[in-house]
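Asks: let me see the structure of the following:
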Amino acid sequence: MSIYVDADACPVKAEVEKVGTRHRAQMFIVSNGGLRPSQNPLVETVIVPDGPDVADMWIAERVGPGDVVITGDIPLAAKCVEAGAQVLKHNGEPLTRANIGNVLATRDLMTDLRAADPFRQGGGKGFTKADRSRFLDALERALRTAKLSGA
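Replies: Down below sits the predicted model:
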């Protein structure tokens, strides 16, 4: 059982380390730089070269059943779900075989709408304490499930 974190712009890295350490899970914090490495022996900071989706490719090539992936990147989430991993968004929302198709379709629709209206301002809502709490609960449940499945 390993935890993979798509760490660029991830607001829950500290929470992943806290819960992952309690479960004694190997954690991979993957980014293209700018992160302070953790002193935790269970955490490996992986710095990938600059480039589009390089961190995503690194994670997608390694993840498998029994692993947990933390990402807000929907195409990466789809690849990880296909590989058999449990996937959580930063707000604790699970991405599964049952919902990833709809989430991808919504993402594509929103991309098209933004492209059609270059003056569209704003975006998603901010990250809240409730989001952080939901994430902690979801990660705890995901790790327990991974342990029970024998990963």
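Asks: got the contact list for residue 94?
Replies: 86-88, 138, 142 (Cβ atoms under 8 Å, 6 or more residues apart in numbering). Every C-beta, even on glycine, is put in place using the N, C-alpha and C of the backbone.
Asks: what bridges to it?
Replies: Beta-bridge partners recorded for residue 94 (DSSP bridges): residue 88.
Asks: show the pLDDT at it.
Replies: We have a pLDDT of 94 for residue 94.
Asks: okay, it and residue 104: tell me how far apart.
Replies: 15 Å (Cβ to Cβ, to the nearest Å).
Asks: picking that back up, max pairwise distance over the contacts of residue 94: which two?
Replies: 87 and 138 (10.4 Å; Cβ to Cβ).
Asks: quick one, which of these two is more surrounded?
Replies: residue 87 (27 against 20; other Cβ atoms under 10 Å).
Asks: hang on, that one packs against residue 95?
Replies: Yes: if you go by Cβ atoms under 8 Å, residue 87 and residue 95 touch, sitting 4.2 Å apart.
Asks: what do these two both touch?
Replies: In contact with both residue 87 and residue 95: 77, 81, using Cβ under 8 Å, 6+ apart.
Asks: thinking again about what came up before, ok, so of the contacts of residue 94, who is nearest residue 55?
Replies: The closest of the contacts of residue 94, once distances to residue 55 are taken by Cβ to Cβ, is residue 87, at 14.9 Å.
Asks: list the contacts of that closest one.
Replies: Counted by Cβ under 8 Å, 6+ apart, residue 87 has contacts 68-71, 77, 80-81, 94-96, 100.
Asks: ok, residue 137 - contacts?
Replies: Counted by Cβ under 8 Å, 6+ apart, residue 137 has contacts residue 92.
Asks: doesn't it lie inside a helix?
Replies: Yes: under DSSP: H, G, I helix; E, B strand; the rest coil, residue 137 falls within a helix.
Asks: on that earlier part again, got the contacts of residue 94 as CSV, with distance to residue 10 and pLDDT columns?
Replies: CSV is the format used below for the contacts of residue 94 (distance: Cβ to Cβ, whole Å; pLDDT from 0 to 100):
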residue, distance to residue 10, pLDDT
86, 16, 95
87, 13, 95
88, 11, 96
138, 14, 96
142, 16, 95
